[in-house]
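Enquirer: prediction below, plus the sequence it came from.
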Amino acid sequence: MQNAPEGQPDGTATTLQPGFLASLFRDLGGEEVPTPRASGTNTTTATDDEVAAHGRAAALTHQRTMAVLAEHEQLADLLRRAALPVSAMDFESQLLSYEPRPYPAAKAEAGDGSAAGAADDGPEPRWEDYAPAEPQVAGRLLLDSGYQRGLAQARLAHQRALREWRARRAVAVASGVPAARRAHEEAEQARARAVREYNDSLEECRRAYRLAEPAAVESLLERALAAAEGATQDLPAPCRAVFRPLTRTAVLDLDLPALELVPSLAGYRLGADGEVEPVPRPTADRAADYLRLAARLALRALQAADAVDTEDILAGVVLNGWLRSPDSPSADPVCLLSVDADRDALARTRLLPPAAESETGTVIGAEQGSGVYADAEQDEALLRLRELAAVVTPDPYGLVPVEPSAEASRTVPSAADLSANEFAQLVRELLTRGGLTEWSVRLRGPSGLVATGSGEPGSALPGRWVVWASRPDESGGAGGQVEDIELRTLAEAVREEGADRGLRLTTGRFSERALDLAGELEQIHLVDGDGVRELTATHLGLRLGVGG
């Protein structure tokens, strides 16, 4: 039988109907290829070519979509692992223990077994172990034939044991077993010495940590932060730590992942013209996923710092999340989130467990159709950050920055360099050491606070006080001066609280009118920036920088 021309049926094969292929491509998301009305051989060939091209495009669409879905699965896995709780990396967990390893005698075998026994030749045989017991009657040793026979047998046994021991020792020397044993013992001694020296150095670091020495505190924090990254080694998120003894606060700088880590596409589809077209994700959905990941990384770093501080050295932690450009490392980084948390707030902070569910039974933060960004607003990590009064960018992809709570750029910080929590901690520390007790903060903001306290009779600050402490606005309003109207407000607050005195503390200075009014109001006392720095040096033994 002759073969039919290519592309034409030979009359014996079953012809594939275009309608079936068209329905299959519609199931794959494609458009039905219109069937030409012309008849004949050319019509059949044109239809098959179009169907084949459409099939290739559908296969390519499916392949690319699967690649995008793999990127989404990778991101979901990162989100899960970033929420794993961290273990405490304190001093006790870092101590090493030494366990001696016995000499591996089996490794000394020479192949024929001749050195197997030589690997443990033992001590030299002693005559005392072979000598027979002497008779109880003294002076009859030479006359006791039984004793003499036993003595002769013992000497033969001892000499035979000596010969065997010397033979084993000779074989051992020839096989190098004693040298290997000595090397093993020396290696074990070196291991024991290394463990002892490491533990001694760790104990020295602990003593320095208890004294709040910056180098020791920073070293321990950075070890804990590096260990916390173990769950996401494929997602580097380095975090540097700077400790400020003045306020016992750690400032953490966290490098956030690149924006490109979050998929920008939902998949691919076939266009009306048969071309493969990308399907972009809504900007809000992509931003929500990035903020979820950034929030988890920030909470993980905060929890690592809290877990490692078993000695209660830290009074608070400031964390800034920075986005750095990999293409231009010299470019200024953008701060996308900032947290200023005191120790009490940190103690209440916990990460979201993997696959955690809300009370309604739905997975928190899961994508549920439309409105993904609204779901992200209920994401547990973001909610915890907001409980810590964190500031988070509304649009990471628009590179909308936030103001860092504090930056550790200066060795000796000024009041303007301190976060709100740091400034409140500094004021409380100064006044409690000056004699105020029962400290209670009534109002607090970024630039100051209002609090009450009581001092014992005979102390430097006797009676009940209303304290108003502030630092000048960075905008420089009124030249950073405290005006007389604020002193009148403080005097009114003293009367309302039933207090004895009021203290107006500022890291700036007072205007002439305020100084004149303070002379008239006997219950109002003033402390300016120079006074704050003097109190810091007197009560804390530390310096406060000039400015702010």
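Expert: Received the coordinates, thanks. Residues are numbered from 1 along each chain as shown.

Enquirer: mind checking the SS state of the nearest residue to residue 281 once chain neighbours are set aside?
Expert: Distance criterion C-beta to C-beta, 6 or more residues apart in numbering; nearest residue to residue 281, sequence neighbours excluded, is residue 266 at 4.9 Å. For every residue, glycine as well, the C-beta is placed using N, CA and C. Three-state assignment for residue 266 (DSSP: H, G, I helix; E, B strand; the rest coil): strand.

Enquirer: and residue 449, what helix or strand is that in?
Expert: Per DSSP states H and E: residue 449 is located in strand 448-455.

Enquirer: please state the offset of the host helix or strand of residue 93 from the chain centre?
Expert: In this structure, residue 93 is located in helix 91-94 according to DSSP H and E. In terms of C-alpha atoms, centre = their mean, to the nearest Å, the centre of helix 91-94 is set 17 Å apart from its chain centre.

Enquirer: with stretch 250-257 instead?
Expert: Distance of stretch 250-257 from its chain centroid, counting by C-alpha atoms, centre = their mean, is 9 Å.

Enquirer: ok, stretch 435-448 next?
Expert: 32 Å.

Enquirer: quick revisit: who does the strand holding residue 449 pair up with?
Expert: Strands flanking strand 448-455 in the sheet, each with its direction: strand 436-445 (antiparallel), strand 463-470 (antiparallel) (DSSP bridges).

Enquirer: most packed of the ones you listed?
Expert: Across the strands paired with strand 448-455, averaging neighbours per residue (mean count of other C-beta atoms under 10 Å) puts strand 463-470 on top, at a mean of 22.

Enquirer: three-state assignment of the nearest residue to residue 221 once chain neighbours are set aside?
Expert: In space, residue 221 comes closest to residue 241 once its chain neighbours are excluded; the distance is 3.9 Å by C-beta to C-beta, 6+ apart. Three states are possible here, and by three-state DSSP the one that applies to residue 241 is strand.

Enquirer: what about residue 241, neighbour count?
Expert: 23 (other C-beta atoms under 10 Å).

Enquirer: list the residues that contact it.
Expert: With contacts taken as C-beta atoms under 8 Å, 6 or more residues apart in numbering, residue 241 has the following neighbours: 217, 218, 221, 222, 225, 250, 251, 252, 305.

Enquirer: would you mind measuring from it to residue 308?
Expert: Here the distance between residue 241 and residue 308 works out to 10 Å (C-beta to C-beta, to the nearest Å).

Enquirer: repeat that for residue 210.
Expert: Residue 210 sits 14 Å away from residue 308, taking C-beta to C-beta as the criterion.

Enquirer: more crowded one of these two?
Expert: Residue environment comparison for residue 210 versus residue 308 gives the larger neighbour count to residue 308, 28 against 14, counting by other C-beta under 10 Å.

Enquirer: so what's the more buried one closest to, chain neighbours aside?
Expert: Excluding the flanking residues, the one nearest residue 308 by C-beta to C-beta, 6+ apart is residue 224, at 3.9 Å.

Enquirer: element containing that neighbour?
Expert: Secondary structure here is read from DSSP H and E; on that basis residue 224 sits in helix 214-228.

Enquirer: buried residues in that helix?
Expert: Within helix 214-228, the residues that qualify as buried are 216, 217, 218, 219, 220, 221, 222, 223, 224, 225, 227, 228, counting by 16 or more other C-beta atoms under 10 Å.

Enquirer: kindly report the same for stretch 275-294.
Expert: Buried-residue list, stretch 275-294, by 16+ other C-beta under 10 Å: 276, 281, 285, 286, 287, 288, 289, 290, 291, 292, 293, 294.

Enquirer: put together TSV for the residues you listed, with distance to residue 530, pLDDT and secondary structure on each row.
Expert: Below are those laid out as TSV (distance: C-beta to C-beta, whole Å; pLDDT from 0 to 100; DSSP: H, G, I helix; E, B strand; the rest coil):
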residue	distance to residue 530	pLDDT	secondary structure
276	71	88	strand
281	57	92	coil
285	54	91	helix
286	52	92	helix
287	47	92	helix
288	49	91	helix
289	51	92	helix
290	46	94	helix
291	44	93	helix
292	48	91	helix
293	47	93	helix
294	42	94	helix
